[in-house]
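1. Prediction below, plus the sequence it came from.
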Amino acid sequence: MKTFKTIMLIGVLSLALYSFTSLAQEEWKVPAKYKTMNNPTDPKVDLNIGKSLYSKHCKSCHGKEGFGDGPKADEQEGDLGDFSSEEFQAQTDGEIFYKSTFGRDDMPDYRKKMPDDEDRWLIVNYIRTLKE
């Protein structure tokens, strides 16, 4: 009887732990070729275009300052991130480009909405200005 209770306890704890960890957002895996990809645009040029594109396509979820507090943020299930954080800014331009291009979960794929790669690179440049 004691063995049965122990097995049941382990089973319940395992199920609880599994349920808790499945709620956490899975790490975003970026292919190596994107991690090392160089941004082909000059961050000092066309920054206003990047800001305008960010306002049109990103601000509603990610917020004006990139804190993840836009008007549509509460409708999203995943973590929208904080573009001003050290952790976010530590990513390469290629990683940010990949995530903003292909999306996942609530983050849409922008290849059709914004088919010009240069536009997404200009948004990456603008996002870099949001650091703390």
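-> Yep, that arrived.
2. now the chain, which segments are flagged as low pLDDT?
-> Low-confidence segments of the chain (pLDDT under 70): 1-2, 4-25.
3. what's the spacing between stretch 101-108 and its chain's center?
-> Distance, stretch centre to chain centre, for stretch 101-108: 8 Å (Cα atoms, centre = their mean, to the nearest Å).
4. Pull that stretch out as CSV, backbone CA atoms only.
-> Written as CSV, here are the backbone C-alpha positions of stretch 101-108 (Å, rounded to 0.1, in the frame of the first residue of the first chain):
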residue,chain,number,x,y,z
THR,A,101,10.2,37.8,-40.7
PHE,A,102,8.9,34.3,-40.0
GLY,A,103,7.1,34.8,-36.7
ARG,A,104,5.6,32.0,-34.6
ASP,A,105,2.5,31.5,-32.4
ASP,A,106,0.9,35.0,-32.1
MET,A,107,3.7,36.7,-34.0
PRO,A,108,2.7,36.7,-37.6
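5. Could you pull out the buried residues of it?
-> 101, 102, 107 (16 or more other Cβ atoms under 10 Å). The way it works is simple: take the backbone N, C-alpha and C, and place the C-beta from them, glycine included.
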